[in-house]
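Student: okay, here's the prediction I keep looking at, along with the sequence it came from:
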Amino acid sequence: MDFKGVFPPVPTPFLDDEVELGALGDNIRKLLESRVRGIVVLGSNGEAPFLDEDESAAVVAAARAVVPAGRPLIAGTGRQATRATVLATRRAADAGADAVLVRTPSFFKGDMTAEAFTRHYTAVADASPVPVLLYNYSALTGVTLHPAAVAELSRHENVVGMKESGNDAALMADYLAAAQLPFALLAGSGQSFCAGLALGAEGAILALAVVVPDLCIQVFDLVAEGRIAEASDLQRRLLPLARSIAARYGVAGLKVAQELTGFVGGPPRGPLLPAPPDAAGVIRGQLAALQTPVV
């Protein structure tokens, strides 16, 4: 499977705390008007841990209904238990996912050794009907997928790559050095997108691409053309918005940015709180600085 390009991790819209599948489909259709490579649902920005299993399957099916063949649909299926992850992965494949993105289990943090991760992901990959992407997000989970585990897992024919959502260039380089190729490393942070591509990441799964997909694609294209200075300059311009929809305001801020750019955002699901009152003004200014039309 080709992961070269930019994938937006689509937020899950809610109406009266119920998943709004129609709005999800509309948002995805609008994103597909750009040159995004494919779509990710049920990632961290999709508030996946807050959806039950029936809701998760419905989200994948609704996305599949609007994502055409040839543009990959990736679904997050990470759970705390290996058995639950296997079952979620099979359900996502049955609902139409082309690949799955499997977040590291993290509840028993001290026990998440390289061996534990290797056993977990091997069991998932053995059972998965579709290719598996590892998913490391240390700032969120409090655990880090060991390069030694990546080295072992990259030899599995059904483990095709991983998303790294941190900003540690050295760790990304360690993953690339450890992995047995072919293995697609996908950058997962808008704050270090350009650096990850320059290191050798094949593509990216970026919250930024939910609201400014064309600018993210432009960074990707510039790096692919060897125009690193121009890509770095655009990356610097994107930094304020990237920080707002990640560390500063999080998922709630991303949904505000969606509303400002003509998508359906809405509130996050509890226990997440809505974005604070200042968020809309801050994000509106950042979008304007990028010459992105706002509503």
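Tutor: Right, received. Where do you want to start?
Student: and the longest helix seen in the chain, how far from the chain's centre?
Tutor: Counting residues, the longest helix in the chain under DSSP state H turns out to be helix 228-243. The chain centroid and the centroid of helix 228-243 are separated by 19 Å under CA atoms, centre = their mean, to the nearest Å.
Student: which residues are contacting it?
Tutor: With contact meaning CB atoms under 8 Å, 6 or more residues apart in numbering, helix 228-243 is reached by 189-191, 193-195, 197-198, 207-208, 211-212, 215-216, 218-219, 222-223, 257, 283, 286-287, 289-290. Yep, even glycine has a C-beta here, placed from its N, CA and C like the rest.
Student: what's the ChimeraX syntax to select whichever of these are buried?
Tutor: Selecting only the buried entries of these in ChimeraX, with 16 or more other CB atoms under 10 Å as the criterion:
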select :189,190,191,193,194,195,197,198,207,208,211,212,215,216,218,219,222,223,257,283,286,287
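Student: just the ones of the contacts of helix 228-243 in helices?
Tutor: Residues of the contacts of helix 228-243 located in helices (DSSP H): 193-195, 197-198, 208, 211, 215-216, 218-219, 222-223, 257, 283, 286-287, 289.
Student: how many neighbours does residue 2 have?
Tutor: 11 (other CB atoms under 10 Å).
Student: and it, which of the three is it?
Tutor: Following DSSP: H, G, I helix; E, B strand; the rest coil, residue 2 is assigned to coil.
Student: repeat that for the one 10 residues further on.
Tutor: In terms of secondary structure, residue 12 is coil; the call rests on three-state DSSP.
Student: now do the residue lying closest to residue 190 once chain neighbours are set aside against residue 205, distance only.
Tutor: Excluding its sequence neighbours, the residue lying closest to residue 190 (CB to CB, 6 or more residues apart in numbering) is residue 242, at 3.3 Å. As for residue 242, its distance to residue 205 is 13 Å (criterion: CB to CB, to the nearest Å).
Student: looking at those two, which is more packed in?
Tutor: residue 205 (28 against 22).
Student: quick one: that one and residue 38 touch, right?
Tutor: No. Counting by CB atoms under 8 Å, residue 205 sits too far from residue 38 to count as a contact (9.4 Å).
Student: what is in contact with those two at once?
Tutor: In contact with both residue 205 and residue 38: 7, 74, using CB under 8 Å, 6+ apart.
Student: name the residues that touch stretch 262-272?
Tutor: Stretch 262-272 is contacted from outside by 11-15, 17, 20, 23, 26-27, 30, 47, 50, 210-211, 250-252, 254-259, 274, 293, 295, using CB under 8 Å, 6+ apart.
Student: of those, just the buried ones, PyMOL syntax please.
Tutor: With 16+ other CB under 10 Å as the criterion, this PyMOL line picks the buried residues out of the contacts of stretch 262-272:
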select buried, resi 11+12+13+14+20+23+27+47+50+210+211+250+251+252+254+255+256+257+258+259
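Student: secondary structure element for residue 24?
Tutor: Here residue 24 is covered by helix 21-31, with elements defined by DSSP states H and E.
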